[in-house]
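A.B. asks: A predicted structure for the sequence below; I have some questions about it.
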Amino acid sequence: ELEDVTPRAGQILKQTYDKFDTNMRSDDALLKNYGLLSCFRKDLHKTETYLRVMKCRRFGEASCA
């Protein structure tokens, strides 16, 4: 029998938030958290752009130009 090795949602979130420093007392922690949130923002923008392009290709809207 094969073992299921796919990560669960909780494990994925734990891995993601392991990089997030909850100790906000130091400037280093603040900069680290700012950098992490900045990466999330960039990833979100890339995802929105990708979805917009896919929507234009799929439905051929005139407002896509």
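C.D. replies: In hand now; what should we look at? Note that this is a predicted model, so its numbers are computed, not measured.

A.B. asks: so where's the longest helix in the protein?
C.D. replies: Counting residues, the longest helix in the chain under DSSP state H turns out to be helix 27-59.

A.B. asks: tell me the mean pLDDT over that helix?
C.D. replies: For helix 27-59, mean pLDDT rounds to 89.

A.B. asks: buried residues in that helix?
C.D. replies: Neighbour-count burial for helix 27-59 flags N33 (criterion: 16 or more other Cβ atoms under 10 Å). For the C-beta atoms, the positions are set from N, CA and C on the backbone; glycine is no exception.

A.B. asks: Could you list every helix and strand in contact with that helix?
C.D. replies: Counting contacts by 3 or more Cβ pairs under 8 Å, 6 or more residues apart in numbering; DSSP states H and E, helix 27-59 is packed against no other helix or strand.

A.B. asks: Try it again at 10 Å.
C.D. replies: Contacts defined by 3 or more Cβ pairs under 10 Å, 6 or more residues apart in numbering; DSSP states H and E place helix 27-59 against helix 9-17.

A.B. asks: per-residue pLDDT, N23?
C.D. replies: 56.

A.B. asks: Please apply the same query to F20.
C.D. replies: 59.

A.B. asks: cool, and G10?
C.D. replies: In the prediction, the pLDDT value recorded for G10 is 57.

A.B. asks: With V5 instead?
C.D. replies: Value for V5, per-residue pLDDT: 52.

A.B. asks: same question, the one 10 residues further on
C.D. replies: Confidence at Q15, expressed as pLDDT, is 58.

A.B. asks: Distance-wise, check T47 relative to R41.
C.D. replies: 11 Å (Cβ to Cβ, to the nearest Å).

A.B. asks: shared neighbours, these two?
C.D. replies: When Cβ atoms under 10 Å, 6 or more residues apart in numbering defines a contact, no residue borders T47 and R41 alike.
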